[in-house]
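Undergrad: missing the sequence, but the structure's below:
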C-alpha cells in the first residue's frame with residue numbers, strides 16, 4: 001500500500017481543497033465534479049502520461065511534486081518545470097484536443113484529483129467565471145514561457161542558474177536548516193537551465209565558494225538568497 005494513502009482520509013478532503021482554489025464552481029458544477037472525478041495515486045518515478053499520448057483528463061495535484069519535461073531526439077530531457085501541490089496540469093492539451101506535448105512524472109509519491117476531459121470542457125462552457133480563471137492560469141504559464149525564452153537569449157548561464165534557484169526556493173520553500181524542499185540533481189538543474197551538466201557543476205562550485213549555497217548530495221542549502229537574486233538580475 002502506498003504510504004501517501006495514510007495521509008488522506010477521503011475524496012471529500014481532496015475535493016474540498018480543489019474547490020478552495022476554484023470557488024467559482026456552482027453547486028451543480030460541484031456535484032458533477034464530485035461524481036465524475038477520480039482520486040489517483042502515483043509512486044515516485046511513475047509517469048502520469050508521455051509525449052504524444054492522447055489525454056483523457058487533467059490532474060489537480062493535491063500533494064506531491066510532478067516533473068514536466070520533453071525528451072529530445074537523443075533521449076536528453078528538457079525540464080519545463082516542476083509542478084507542486086495546488087496546481088492543475090495537462091489541461092491545455094485537453095482543451096485544445098491535441099496530443100500531449102510534454103511528459104509528466106511524479107518525483108515523490110503524489111495524490112491527484114483526476115478530472116475527465118468531457119467534464120472539464122463542460123464546466124468551461126457553462127461557467128464563465130471558471131473559464132476566466134483558467135484563462136488567467138494559461139496566461140501566467142505563457143508569461144513564464146516567454147520569460148524563459150528571453151532569459152535563454154539574453155542572460156548568461158550563471159544568471160539563469162541563479163534565477164532558477166530563486167524560483168525553486170520561492171515555489172518549494174526551505175526547511176529549518178535552509179535546505180531546499182526539492183531534491184534535485186545537477187543534471188536536472190542543467191536540463192532546466194539549458195546547458196551542460198559540467199557547466200552547472202562549475203557554477204555551483206563558484207556559488208559554494210562564495211558561501212551562497214552548500215550541497216549535501218541531492219540536498220541543496222540556500223545560504224544567501226538575496227545574493228542569488230542579485231546575480232539573477
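TA: Nice, thanks for sending it over. Bear in mind the structure is a predicted one, so any value in this text is a computation, not a measurement. Numbering: from 1, shown residues only.
Undergrad: Would you indicate which residues of the lowest-mean-pLDDT helix or strand in the chain are buried?
TA: Sorting the helices and strands of the chain by mean pLDDT, DSSP states H and E puts helix 128-154 at the bottom, at a mean of 83. By 16 or more other C-beta atoms under 10 Å, the buried positions in helix 128-154 come out as 130, 133-134, 148, 151. All C-beta atoms are positioned from the backbone trio N, CA, C, and that covers glycine.
Undergrad: mind checking how far the residue located most distally from the centre of the chain is from residue 203?
TA: Taking C-alpha atoms, centre = their mean, the residue of the chain most remote from its mean C-alpha position is residue 209, at 30.2 Å. Relative to residue 203, residue 209 is positioned 11 Å away (criterion: C-beta to C-beta, to the nearest Å).
Undergrad: residue contacts, the closest residue to residue 126 other than its chain neighbours?
TA: The spatial neighbour of residue 126 that comes closest, neighbours along the chain excluded (C-beta to C-beta, 6 or more residues apart in numbering), is residue 29 at 7.3 Å. Each residue near residue 29 by C-beta atoms under 8 Å, 6 or more residues apart in numbering is listed here: 123, 126-127, 130.
Undergrad: One more pass at 10 Å, please.
TA: When contacts are counted by C-beta atoms under 10 Å, 6 or more residues apart in numbering, residue 29 is found next to 19, 22, 119, 122-123, 126-127, 130.
Undergrad: Now the helix or strand hosting it: buried residues?
TA: Residue 29 is part of helix 27-36, with elements assigned from DSSP states H and E. Using 16+ other C-beta under 10 Å as the burial criterion, the residues of helix 27-36 that qualify are 29, 32-33.
Undergrad: Going by distance to residue 195, which of those residues wins?
TA: Set against residue 195, the nearest of these by C-beta to C-beta is residue 33 (42.1 Å).
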